[in-house]
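Novice: need coordinates for the following:
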Amino acid sequence: MIFIKTPNFLKRSQHARVDRPGGLSRHIHSATSLLILLGAAVFSSQLATAQERPQSLPTIALGAGMHVIRAEVAQSPEQRATGLMNRPSMAANDGMLFVFEEAMPQCFWMKNTLLPLSIAFIADDGSVVNIAEMKPQSLDSHCSTKPVRYALEMNQGWFAKRGIKAGSKLTGRPWGQ
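Specialist: Model (predicted):
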């Protein structure tokens, strides 16, 4: 949130007088400063609006046993940072696959994420390393128990309802299947 201090000349019914030293130029300077601040506020507002919209990324099909997942793929740092933020809902078999450049312990939080989610951390062979349940709009950290390159977010409870747990295998293009 941006706070703009209102210049004094807007608070009082004061008229600039040319015969007063610095009168008019002081008001012109204050007005120019106000216009610059308002411009910055509009730009920040537009940037915030863009960040408040859910992103839409290319999708791929993944398999979890007989279940087909339609996963958006977040692979750039910006896409991964935004993830599923500001999304009011998600279809039952939709999710987001996060792809990292190298296997490392990966951690996620739910700031600005409106949906309760489950996250599966996935090894290079498609096997689930661990699954965590995540609360909406929380700063709690949820991490992989081993270095991984993939993480898959689904609606909360999706993995449990389908019997998918640590050791289960997912299939799809990222894992060469």
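Novice: between the two ends of stretch 137-152, what distance do you get?
Specialist: Stretch 137-152 has an end-to-end distance of 18 Å (criterion: Cα to Cα, to the nearest Å).
Novice: show me what contacts the closest residue to W158 other than its chain neighbours?
Specialist: Once flanking residues are discounted, W158 sits nearest to S118: 5.6 Å by Cβ to Cβ, 6 or more residues apart in numbering. C-beta here means a position set from N, CA and C on the backbone, and glycine is covered the same way. The contact partners of S118, by Cβ atoms under 8 Å, 6 or more residues apart in numbering, come to 131-134, 153-160.
Novice: hey, what's S118 bridged with?
Specialist: E133, M154 (DSSP bridges).
Novice: quick one: it from I60, how far?
Specialist: Distance, S118 to I60, by Cβ to Cβ, to the nearest Å: 19 Å.
Novice: and the residue nearest to W158, how far is that from E78?
Specialist: 24 Å.
Novice: check contacts around the nearest residue to S56 once chain neighbours are set aside.
Specialist: Spatially, and ignoring its direct neighbours in sequence, S56 is nearest to E72 (7.3 Å; Cβ to Cβ, 6+ apart). Each residue near E72 by Cβ under 8 Å, 6+ apart is listed here: 55-59, 94-97.
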